[in-house]
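Engineer: need coordinates for the following:
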Amino acid sequence: MKKFNLVVMPLLLASCVAFAHGDEPPAKDRFDAAASEQMAFRIAGDATTASRTIRIAMDDSMRFTPGLIKVKQGETIRLVIANKGKIMHEAVIGSMPELQQHSALMKKFPTMEHGTPYMAHVKPGQSQEIIWTFNKAGEFYFACLIAGHFEAGMVGTITVTAKN
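Structural biologist: Below is the predicted model of the structure:
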């Protein structure tokens with residue numbers, strides 16, 4: 001039994017850690033159009049077609065700067081999300097109901113893994129990119145869904161103006 005505990009238990013613990021929220025950002029693979037899923041607020045973008053870059057800073061005051069970004073329908077944007085704080089933050093794009101639902105899940109499962117292309121989980125002092133095509137007009141949001149951050153007001157707005 002001692003041998004089992006010495007060999008198997010570390011392996012079991014290591015496998016649990018591998019699927020946790022953790023400190024490491026998930027690896028973002030190259031753009032795969034076939035795997036892109038149309039969501040209510042957008043679809044994954046191809047970095048080679050990004051028309052411009054928007055830099056968004058987040059910090060421990062639980063705010064994003066800028067807190068409002070404007071894009072045109074059909075525009076592919078490179079969002080560079082920088083964590084200027086001393087604690088972990090993230091930016092998740094979605095509709096308000098989607099963000100509220102995800103926030104509730106984060107409270108129940110604070111170690112849940114994040115690896116989707118519309119999320120950036122960023123360590124202090126680092127940055128990550130989200131490449132997104134905003135192909136639907138409307139008002140959408142980006143938020144930090146780490147427990148307590150969303151409730152503290154860490155939410156920004158994305159206004160997508162319709163094509164003329």
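
Engineer: what count of nearby residues applies to Ala104?
Structural biologist: 12 (other Cβ atoms under 10 Å). No exception for glycine: its C-beta is placed from N, CA and C like everyone else's.

Engineer: so what does it look like in phi/psi?
Structural biologist: phi -60, psi -40 (degrees, to the nearest 10).

Engineer: shaky segments in the chain?
Structural biologist: 1-43, 110-115 (pLDDT under 70).

Engineer: ok, 90 please
Structural biologist: For the chain, the stretches with pLDDT under 90 are 1-49, 102-118, 135, 147, 163-164.

Engineer: middle-most residue in it, spatially?
Structural biologist: Met119 (1.7 Å; Cα atoms, centre = their mean).

Engineer: what sits against that one?
Structural biologist: Pro26, Glu90, Ala91, Val92, Ile93, Ile130 (Cβ atoms under 8 Å, 6 or more residues apart in numbering).

Engineer: please redo it, this time with the cut-off set to 6 Å
Structural biologist: Val92 (Cβ atoms under 6 Å, 6 or more residues apart in numbering).

Engineer: any idea how far Ile146 is from it?
Structural biologist: 11 Å (Cβ to Cβ, to the nearest Å).

Engineer: again, but for Asn164
Structural biologist: For Asn164, the distance to Ile146 - Cβ to Cβ - is 39 Å.
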